[in-house]
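Chemist: Here's my sequence, what's the structure:
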Amino acid sequence: MSDLNTRHKNTIALITGGAQGVGFAIARQLIAEGCTKIMLAARDAQKGEKAISELSSANVNVQFTSFDLQDTQACLDLVSTTVKTFGDVNVLVNAAAFGGRGTLTDTSAELWDQMFFTNARAPFFLMQGFVKHRIEQGGYGSIVNILSQCAHCGQSYLAPYSSSKGALATLTKNVANAYRSNRIRCNAILPGWMDTPGENITQRKYHGATDGWLEKAEAEQPMGQLCKPHQLAELASYLLSPNAGVMTGALIDYDQNVAGAYPE
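Modeler: Prediction:
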């Protein structure tokens, strides 16, 4: 078993949604465990530059590519860009997502398409490009998809979001099964309610939240907190590392509320 501080010394990572939140936390954790080459990808170039400045050092090369998740060719190009930049890529994290609101009865075709293009189609083609490259290199590699507890069901106002995450859950297992003989592992983490910059925006935009909403929400949780990106990042790092062995096709619930449990 490799040492915790060096188990990612041979990792060359591509992380979507890497400019903030979960993706950024995973990048930071990989660096703490020896990774020296990371491509961050997101839409906002300003956030990307900020992330680079926080993560880069004399021994760590962090690059950023601005891209549109709804652009299929951009997803494929992102893999080739990473390879051109670092000479290879052997780890992929699909952390970027769109979390708009919509019920069954008020979701437009445009919102449905935006949700699925971002949350399901983009990871599909990112994994397509990644797997093709790894097979050309003789196999081996690891993928972690960040899903959501909403993949199990979700609130009524998350009908298209939950559906898109459910699709990615099935895709995770399909990819894991299809390429296990190539030693390419694919797993997913399904976090519950998370404390991220994106969630702060969402709560204020869709639910009328004001200052202090986080403290109130956390006080009502069984363990007194929302899910934290830096804690989840340690799990993601393990799944991406050689330490995870043959683990593939796993959908890991990451929450303090247990799916299928009911009040006593």
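
Chemist: drop to CA atoms for contacts and neighbour counts, all remaining ones
Modeler: Noted.

Chemist: Ramachandran coordinates for residue 248?
Modeler: Its backbone dihedrals place residue 248 at phi -150, psi 150, with angles given as degrees, to the nearest 10.

Chemist: how many other residues sit next to it?
Modeler: A count of nearby residues for residue 248, using other C-alpha atoms under 10 Å, gives 24.

Chemist: With residue 10 as the reference, measure out to it.
Modeler: Distance of residue 248 to residue 10, given as C-alpha to C-alpha, to the nearest Å: 20 Å.

Chemist: in this structure, which ranges drop under the pLDDT threshold?
Modeler: Across the chain, the stretches falling below the confidence threshold (pLDDT under 70) are 1-2.

Chemist: now the helices for the stretch 51-200 of the chain?
Modeler: Under the criterion DSSP state H, counting those that start in this stretch, the stretch 51-200 of the chain carries helices at the ranges 72-86, 109-116, 122-136, 159-178, 197-207.

Chemist: Please convert the ones you listed to TSV, extending it with distance to residue 31 and mean neighbour count.
Modeler: Listed next are the helices of the stretch 51-200 of the chain as TSV, based on distance: least, C-alpha to C-alpha, whole Å; neighbours: other C-alpha atoms under 10 Å:
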stretch	distance to residue 31	mean neighbour count
helix 72-86	15	18
helix 109-116	31	16
helix 122-136	21	20
helix 159-178	25	21
helix 197-207	21	13
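
Chemist: just so I know, which of those lies nearest residue 21?
Modeler: Closest to residue 21 of those, according to C-alpha to C-alpha: helix 197-207, at 6.3 Å.

Chemist: Report the distance from the next helix or strand after that closest one to the chain centre.
Modeler: Per DSSP states H and E, the first helix or strand lying C-terminal to helix 197-207 is helix 213-219. Helix 213-219 sits 24 Å away from the centroid of its parent chain (C-alpha atoms, centre = their mean, to the nearest Å).

Chemist: Show me what counts as buried in helix 213-219.
Modeler: For helix 213-219, a neighbour-count test (16 or more other C-alpha atoms under 10 Å) marks 214, 218 as buried.
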